[in-house]
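Undergrad: sequence unavailable; structure follows:
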């Protein structure tokens, strides 16, 4: 057999050998993001071209930035850690637009893993989850996890193991607890502790199943104790159990990808346990939070193990801006004071969601010219104006004349009228009493 006869074989072997080497020794690049919440439309308006909410388009724009990065940088895997939609019953339009972006990744031969979050679960157990359609249709390169499991996902740089902990129904966990003797007398806190033990035992089983020779990631939609929260506190239905960092940050995993908390943050360094945060700002509680996704790289360390690096990539999202203005009683033209403050912030106001908060004495509230103030905010994407009127209260020293009240009692009455905290008031009274006695 000549060398030319072997040429087709030589053409096939390198890719095969490279793929096999990739399982053991290639650098693996992963995008980790979470909490998309498609369907949030607060502070929005109707886009004249599409007829859709401008806020819905904001969220799609953020998702497009993730997909664009994945395609341009040829990442090996996109890992989504739950809450694709705001509602458990997303509209057909919301589902269509989300599916378009998933299709772009699938067509680019980029596997995407979709974890089920609490907003993805329907109210009834028998109903499908919001992303289950992808699994039902067996869409190429799309993996959906609605139950705890360990999946081995092939990528262009080799296989990676994903140990999943999706959001589990409290009712299902309580049903499991009801089979244990004495569970009917447990308090609410005790039930949460039991649920925490169940979730921890799931992670324990995952650590025993993963192959230590392959890269492994724990993907979990959970609340980890100590996490700094944002708007998700108001979006959470009822109280929920939380896990300790040590429950999730296990040596068996190279990286722990977390979802559910909207502020991106690192909970552990070894192994990295990271909240990606939400992709777009939901309300003013997230005004100062950067939004984006993490790019994670897992590579051989040259010593038989693996090293992990991760970096936050910020997306260009809609800005939230709060402007606080305090009007003094002697202000002759409070409207001009507001307009000057708005002029100073005009660069921040443009295309932003703006909250103008004006505090002023009640007696001059009628001097504000609302039309002029609203016109000063016309460059904002959306603007609200809130007024807090202050009513000056006179100090009442008691039933008797001022001459009949002691200096110390007068000081007590003054501190009380100013709502001085008790600890500070006691300290001031002590010093005041000493000064009074000295004179």
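TA: Looks like it arrived, so ask away. This is a predicted model, so every value here is computed, not measured.
Undergrad: show me the helices in the stretch 201-350 of the chain, by range?
TA: Ranges of helices in the stretch 201-350 of the chain, per DSSP state H, counting those that start in this stretch, are 232-235, 245-248, 334-344, 346-349.
Undergrad: do the same with the stretch 51-200 of the chain
TA: So, for the stretch 51-200 of the chain - with DSSP H, counting those that start in this stretch - the helices run 54-72, 92-107, 132-136, 170-178, 188-209.
Undergrad: and the first one, what does it pack onto?
TA: What it means is helix 54-72. Contacting helix 54-72 under the criterion 3 or more CB pairs under 8 Å, 6 or more residues apart in numbering; DSSP states H and E are the following elements: strand 28-33, helix 92-107, strand 292-300. For glycine as for every other residue, the C-beta is placed from the backbone atoms N, C-alpha and C.
Undergrad: domains for this structure, by residue range?
TA: 18-314, 320-390, 402-438 (automatic domain parsing).
Undergrad: before we move on, the earlier item: and the helices of the stretch 201-350 of the chain as TSV, adding mean neighbour count and mean pLDDT?
TA: Shown next, in TSV, are these (neighbours: other CB atoms under 10 Å; pLDDT from 0 to 100):
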stretch	mean neighbour count	mean pLDDT
helix 232-235	15	54
helix 245-248	17	96
helix 334-344	16	96
helix 346-349	14	96
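Undergrad: what residue ranges in the stretch 101-250 of the chain score low on pLDDT?
TA: Applying pLDDT under 70 to the stretch 101-250 of the chain flags the ranges 123-126, 128, 171-172, 174-186, 231-239.
Undergrad: again, only this time at 50
TA: 235-238 (pLDDT under 50).
Undergrad: circling back: tell me the most buried of the domains of the chain?
TA: Each of the domains of the chain was scored by mean neighbour count; the highest is domain 18-314, a mean of 18, by mean count of other CB atoms under 10 Å.
Undergrad: just checking, residue 217 touches residue 253?
TA: Yes - with contacts counted by CB atoms under 8 Å, residue 217 reaches residue 253, the gap being 6.2 Å.
Undergrad: which residues are in contact with each of those two?
TA: Residues touching both residue 217 and residue 253 (CB atoms under 8 Å, 6 or more residues apart in numbering): residue 163.
Undergrad: rewinding a little: kindly reformat the helices of the stretch 51-200 of the chain as CSV containing distance to residue 260.
TA: As requested, these are exported to CSV (distance: least, CB to CB, whole Å):
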stretch, distance to residue 260
helix 54-72, 17
helix 92-107, 19
helix 132-136, 19
helix 170-178, 14
helix 188-209, 13
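Undergrad: between these, which gets nearest to residue 355?
TA: helix 54-72 (15.2 Å; CB to CB).
Undergrad: still on that earlier bit, is it possible to get JSON lines of the helices and strands packed on helix 54-72 that adds distance to residue 65?
TA: Output for the helices and strands packed on helix 54-72, formatted as JSON lines (distance: least, CB to CB, whole Å):
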{"stretch": "strand 28-33", "distance to residue 65": "10"}
{"stretch": "helix 92-107", "distance to residue 65": "10"}
{"stretch": "strand 292-300", "distance to residue 65": "8"}
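Undergrad: closest to residue 187 out of these?
TA: From those, taking CB to CB, the stretch that ends up closest is strand 28-33, at 36.4 Å.
Undergrad: give me the angle between that closest one and helix 54-72.
TA: 180 degrees (axes from the mean of the first three to the mean of the last three CA atoms, to 10 degrees).
Undergrad: and strand 28-33, which strands flank it?
TA: Counting by DSSP bridges, the strands paired with strand 28-33 are strand 77-80 (parallel), strand 292-300 (antiparallel).
Undergrad: dump the ones you listed to TSV, plus distance to residue 354.
TA: TSV is the format used below for the strands paired with strand 28-33 (distance: least, CB to CB, whole Å):
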stretch	distance to residue 354
strand 77-80	31
strand 292-300	22
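Undergrad: thanks a lot, see you next time.
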